[in-house]
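Engineer: 3D model of this:
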Amino acid sequence: MDYILINDLGGKARGLKFNQYTYIKFYEKVSPDDYIATFHYAAVFAALKSNAYVKGEEFTDTWEDVCNMVDAMSAEDKALVADVFNNTAYFKKAVEDGEKIIEEEKKSQSLSTTTNA
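Structural biologist: Numbers count the residues shown, from 1 in each chain. From the prediction side, this is the model:
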């Protein structure tokens, strides 16, 4: 599933689209220094923007508007956003690629340590 409908987001039903564009916009907004506190703001903003982009619609919500919407979201809706975000094919592939890079770096470091010994 890469699309969800939140029935009460900013006083109306809004669609959130999770695709590659979402992740690009997400990483522009999330704070690496405070990932947990900023996750939902960035994820909802990015998914709303992505949904508008895919539909060919103008995205008119401001960052502040979306932050206020997220503050008013139910815990259930926030959990749904996190679940869908973390279970899309694009995110899983990004995690898998990151794990491969880490493993290759570990192997490289191990080889250089062995060579230098």
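
Engineer: Other residues contacting the helix or strand residue 84 falls within?
Structural biologist: For residue 84, the element it lies in under DSSP states H and E is helix 75-87. By CB atoms under 8 Å, 6 or more residues apart in numbering, the list of residues contacting helix 75-87 from outside reads 1-2, 4, 6, 9, 16, 18, 22, 26, 39-40, 43-44, 47, 70, 73, 91. All C-beta atoms are positioned from the backbone trio N, CA, C, and that covers glycine.

Engineer: That helix: which residues count as buried?
Structural biologist: 77, 78, 80, 81, 84, 85 (16 or more other CB atoms under 10 Å).

Engineer: May I have stretch 4-18 as CSV, with CA atoms only?
Structural biologist: Output of stretch 4-18 as CSV, limited to C-alpha atoms (Å, rounded to 0.1, in the frame of the first residue of the first chain):
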residue,chain,number,x,y,z
ILE,A,4,-3.8,6.2,2.6
LEU,A,5,-6.7,8.5,3.2
ILE,A,6,-6.8,10.3,6.6
ASN,A,7,-10.4,11.3,7.2
ASP,A,8,-9.7,14.3,9.4
LEU,A,9,-6.5,16.1,8.5
GLY,A,10,-6.8,19.8,8.7
GLY,A,11,-10.6,19.5,9.0
LYS,A,12,-11.1,17.3,5.9
ALA,A,13,-10.2,14.0,4.3
ARG,A,14,-6.8,14.1,2.7
GLY,A,15,-4.8,11.6,0.7
LEU,A,16,-1.2,10.8,1.5
LYS,A,17,1.0,9.2,-1.3
PHE,A,18,4.2,7.4,-0.4
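
Engineer: From the chain's centroid, how far away is that stretch?
Structural biologist: Offset of stretch 4-18 from its chain centre (CA atoms, centre = their mean, to the nearest Å): 16 Å.
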